[in-house]
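S.K.: sharing a sequence plus its predicted fold:
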Amino acid sequence: MNIEELKMILETINATTGLAKDMGTTWIWLHYGFKFLINLTALAGVAVVAYAVYRVARVLRSDCIDTVFMRQCRDKLNMGFGGCMTDGEYYRTTAKIMELVDKHIQEKA
């Protein structure tokens with residue numbers, strides 16, 4: 001064997017091992033990357049379900065702001081729908097009541 005043949009064999013070995021290294025690295029990224037994405041998706045799903053349960057519980061437990069008086073005011077002012085009062089309905093109803101009180105005070109003066 002002469003020097004040219006040895007160089008060609010070494011270049012072939014380097015190219016082959018370089019490709020093997022690249023393929024191994026690519027396989028590791030794909031293998032563990034997909035596992036990471038699956039776990040991340042599962043975590044996001046659990047978080048969405050937990051948030052939905054939290055929101056439903058918060059709406060159903062809205063007795064701290066859902067008083068009979070406020071619901072009656074909301075219904076008389078046509079500010080929302082019947083049933084449990086949402087935060088938005090509560091704040092809109094309160095603002096409307098305050099506006100009507102201010103208007104009444106101005107008319108009195």
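M.R.: Nice, I can see it.
S.K.: ok, the most centrally placed residue in the chain to residue 54 distance?
M.R.: In the chain, the centroid-proximal residue (CA atoms, centre = their mean) is residue 48; its distance is 6.5 Å. Between residue 48 and residue 54 the computed distance is 11 Å (CB to CB, to the nearest Å). C-beta coordinates here come from the backbone N, C-alpha and C atoms, glycine included.
S.K.: repeat that for residue 36.
M.R.: On the measure of CB to CB, residue 36 and residue 54 end up 26 Å apart.
S.K.: again with residue 103
M.R.: As for residue 103, its distance to residue 54 is 38 Å (criterion: CB to CB).
S.K.: just the helices in this protein please.
M.R.: Remark: helices of the chain, listed N- to C-terminal, are 3-60, 68-76, 87-108; assignment by DSSP state H.
S.K.: just how off-centre is the last one within its chain?
M.R.: Right, the one you point to is helix 87-108. The chain centroid and the centroid of helix 87-108 are separated by 34 Å under CA atoms, centre = their mean, to the nearest Å.
S.K.: what's the local residue count around residue 46?
M.R.: When neighbours are defined as other CB atoms under 10 Å, residue 46 has 10 of them.
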